[in-house]
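S.K.: let's see this in three dimensions:
(one chain, ligands or ions: 3)
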Amino acid sequence: MESFKDKIDLEHLPKHVAIIMDGNGRWAKCRGEERTFGHKSAITAVREAINACNEIHIPYLTLYTFSSENWNRPNDEVDTLMGLISETLLLEAEQIFTKGLRMHVIGDIERLPTLVQDQLNNLIDITKDNTRGNLVLALSYGSQNEILNAVKKISTKVKNGDLKEEDITEEVFEDHLYTRNLPPVDLLIRTSGEVRISNFLLWQIAYAELQFLDVLWPDFGKENLYECIYNFQNKERRFGKTSEQLEKN
Ligand code: IPE
Ligand code: IPE
Ligand code: MG
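M.R.: Ligands and ions are numbered 1, 2, ... in the order given. Here you go, the predicted structure:
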């Protein structure tokens with residue numbers, strides 16, 4: 001069977017793909033297992049997504065790994081997730097480096113266990129000169145809080161006379177988000193069949209194409225990602241204009 005990978009136009013790839021990796025708990029439940037079994041089984045899918053993007057050279061991949069709301073889950077589930085994140089960072093660090101990926105993290109990192117924070121900072125540091133692609137982990141991330149913090153930082157600057165109100169542009173605002181230096185999201189994928197955003201990158205997805213898959217995250221593979229990119233390439237992104245205007249260019 002022909003792969004979607006062969007149908008992708010490599011000249012017109014999305015620059016930034018973001019994924020809401022959802023459905024681990026349901027995947028485990030279907031198998032009569034504990035939710036944490038689903039989280040453990042999700043690592044393969046994470047690897048598939050990273051490798052698929054690396055193979056075709058997607059410049060930015062952001063993975064929604066743990067939301068600010070996920071802190072409200074039962075303590076043992078949160079502990080298992082933190083342990084798994086730490087374990088995975090340890091196991092995958094070398095691969096991330098050798099694949100030429102530069103690591104970034106967005107979110108309220110200070111809430112994470114110190115060990116995880118140290119591992120992340122170390123990985124950010126050792127990969128800072130890598131240029132093949134960017135891997136962004138959203139950890140302890142909540143978009144409303146990110147926006148609120150940006151507003152607070154900007155108002156302090158205005159109050160202190162470091163910034164004039166008339167100079168607050170979209171670019172200035174973006175500079176106060178966790179995602180400063182990252183391009184806007186072109187393609188947002190959510191697995192598990194849920195059609196919602198769950199407090200993810202609200203500002204950054206303003207013009208993203210959204211794709212919701214009926215696949216539970218542990219079952220996600222490269223071919224799913226290639227199919228999403230193929231579908232993305234068959235959309236007309238009009239950014240408010242008409243089709244006729246776009247045809248003229
Ligand atoms: C996604 O899977 C993983 C995290 C949110 C950390 P879930 O754990 O949300 O799985 P479901 O949605 O309950 O099936
Ligand atoms: C979103 O999934 C967060 C991550 C995938 C990390 P959730 O499972 O937490 O989302 P809701 O609560 O069902 O919307
Ligand atoms: Mg979920």
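
S.K.: only C-alpha atoms for contact and neighbour calcs from this point on.
M.R.: Fine.

S.K.: can you give me the helices for this structure?
M.R.: 4-7, 24-30, 35-41, 43-56, 75-98, 114-126, 143-159, 170-174, 222-233, 243-248 (DSSP state H).

S.K.: can you pull up the most central residue in the protein?
M.R.: Centroid check for the chain by C-alpha atoms, centre = their mean gives Thr62 as the closest residue, at 2.3 Å.

S.K.: still on that earlier bit, and ligand 2, which of the helices of the chain is closest to it?
M.R.: Nearest of these to ligand 2, taken as C-alpha to the nearest ligand atom: helix 24-30 at 8.5 Å.

S.K.: please identify the buried residues of the closest one?
M.R.: Across helix 24-30, burial judged by 16 or more other C-alpha atoms under 10 Å covers Asn24, Gly25, Arg26, Trp27, Ala28.

S.K.: ok, now stretch 52-59?
M.R.: Result for stretch 52-59 [16+ other C-alpha under 10 Å]: buried residues Ala52, Cys53, Asn54, His57, Ile58, Pro59.

S.K.: next, give phi and psi for Ile197.
M.R.: Backbone geometry at Ile197, expressed as degrees, to the nearest 10, gives phi -100, psi -20.

S.K.: spell out which residues of the chain are next to ligand 1.
M.R.: Neighbours of ligand 1 within the chain, by C-alpha under 6 Å from any ligand atom: Met21, Asp22, Gly23, Asn24, Gly25, Arg26, Thr65, Phe66.

S.K.: redo that, cut-off 8 Å
M.R.: 20-28, 35-36, 38-39, 65-67, 70, 81, 192, 216-217 (C-alpha under 8 Å from any ligand atom).

S.K.: also near ligand 2: which of those residues, exactly?
M.R.: Okay, of these touching ligand 2 (C-alpha under 8 Å from any ligand atom), that's Ile20, Met21, Asp22, Gly23, Thr65, Phe66, Ser67, Asn70.
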